[in-house]
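In: Everything below, folded, please.
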Amino acid sequence: MPFQPHAPAAFPTARLRRLRASAALRDLAQENRLSAADLIWPIFITEVPGADVEIPSMPGVKRLTLQGAVQAAELAAELKIPAICLFPYTDPAARTAHCAEAWDADNLVNRVIRAVKAAVPEVAIMTDIALDPYNIDGHDGFVSGNRILNDETVEALVKMALAQAEAGADILGPSDMMDGRIGAIRAALEAHGHQDVTILSYAAKYASAFYGPFRDAVGATGTLKGDKKTYQMNPGNSDEALRLVARDLAEGADMVMVKPGMPYLDICRRVKDSFGVPTYAYQVSGEYAMIAGAARNGWINGDAAMMESLLGFKRAGCDGVLSYFAPAAAALLAAG
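Out: Predicted coordinates for the structure are as follows:
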């Protein structure tokens with residue numbers, strides 16, 4: 001049964017400030033805690049000459065070369081961050097309408113997977129499954145006129161998932177929001193001997209204004225034609241998120257995600273309370289940019305705001321969070 005609060009004794013018998021009177025008492029009474037084990041670190045990778053620089057709309061975040069990604073994985077292991085997630089910045093010349101680069105066994109993502117697993121096997125690798133880094137139209141699926149093709153896209157996503165699994169990915173993250181893709185990917189993984197590969201589904205992914213800096217980071221800002229509202233969720237909907245989570249779990253997702261994070265903490269809580277499954281949120285690029293940008297300008301205490309925002313996900317019921325703050329937060333946690 002849900003927690004039923006009882007009225008405390010009357011003042012002055014009850015003084016609720018007693019448990020806030022010292023750091024020791026506050027620590028003893030704390031209900032939710034954040035650890036490095038709660039974090040997944042998204043990183044951007046590239047092999048485009050000159051692209052491995054700081055992303056202007058994401059202060060402190062750089063695109064990394066293959067070797068830089070290996071070094072990031074080594075840092076993750078040192079900081080006890082259990083997983084990194086790979087997002088490619090693809091050469092515009094390699095982006096096409098048929099997106100074949102997405103499932104090429106030797107594309108950048110798959111080469112980075114192999115390199116990281118060889119160097120730092122204890123760090124789990126999560127990947128992104130969507131066509132937008134490879135699509136000349138900037139969409140997560142194939143485009144025909146003004147339509148995003150669902151079933152044809154799912155066939156491509158299956159090929160992409162199998163290529164990543166073959167390369168050694170531990171966690172696949174379908175972020176495309178096509179109908180039926182979790183079931184199709186799970187069936188393909190089983191059929192090809194990858195039954196141990198985990199699916200962390202972007203189950204409730206909203207058509208949000210907070211993705212702008214990410215699109216800068218992967219080079220999609222200038223390529224996207226139209227918007228993604230026919231496949232990503234309406235920000236006004238809450239019950240729909242539960243239907244989507246239920247569907248993805250029924251199709252074989254092992255874990256589910258809500259994206260974005262901070263504007264959708266109510267969805268995180270509803271998902272966790274309704275299903276009791278491993279539930280994650282993505283503190284997306286716009287959320288990161290607001291905090292990091294304000295901190296760089298001296299308007300807020302960046303470290304304090306970072307940690308408070310991450311703790312909020314735990315309070316909302318999340319088992320973990322994808323965040324660009326992961327290495328900075330983990331370093332602060334390690335320092336005590």
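In: how about the strands of this protein, start to end?
Out: Remark: strands of the chain, listed N- to C-terminal, are 39-46, 63-64, 83-89, 124-129, 142-144, 147-149, 171-174, 198-205, 255-259, 279-283, 320-323; assignment by DSSP state E.
In: CSV for these, including distance to residue 309, mean pLDDT and mean neighbour count?
Out: C-beta here means a position set from N, CA and C on the backbone, and glycine is covered the same way. Formatted as CSV, the entries for the strands of the chain read as follows, by distance: least, Cβ to Cβ, whole Å; pLDDT from 0 to 100; neighbours: other Cβ atoms under 10 Å:
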stretch, distance to residue 309, mean pLDDT, mean neighbour count
strand 39-46, 12, 98, 24
strand 63-64, 24, 96, 22
strand 83-89, 18, 97, 23
strand 124-129, 21, 98, 23
strand 142-144, 35, 95, 17
strand 147-149, 32, 96, 16
strand 171-174, 21, 98, 26
strand 198-205, 19, 98, 25
strand 255-259, 15, 98, 26
strand 279-283, 7, 98, 27
strand 320-323, 8, 98, 25
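In: In CSV: the ones you listed, plus distance to residue 155.
Out: Compiled in CSV, the strands of the chain are given as follows (distance: least, Cβ to Cβ, whole Å):
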stretch, distance to residue 155
strand 39-46, 25
strand 63-64, 30
strand 83-89, 21
strand 124-129, 13
strand 142-144, 9
strand 147-149, 10
strand 171-174, 13
strand 198-205, 17
strand 255-259, 23
strand 279-283, 26
strand 320-323, 27
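In: between those strands, which gets nearest to residue 116?
Out: Checking the strands of the chain against residue 116 by Cβ to Cβ gives strand 124-129 as the closest, at 5.8 Å.
In: helices and strands of the protein: which one has the lowest mean pLDDT?
Out: When the helices and strands of the chain are compared on mean pLDDT, DSSP states H and E, helix 212-217 comes out lowest with a mean of 91.
In: hey, C-alpha coordinates of it in CSV?
Out: Below are the C-alpha coordinates for helix 212-217, written out as CSV (Å, rounded to 0.1, in the frame of the first residue of the first chain):
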residue,chain,number,x,y,z
GLY,A,212,18.7,21.7,-29.5
PRO,A,213,22.3,21.5,-28.2
PHE,A,214,22.4,17.7,-28.9
ARG,A,215,21.5,18.4,-32.5
ASP,A,216,24.4,20.8,-32.6
ALA,A,217,26.6,18.1,-31.2
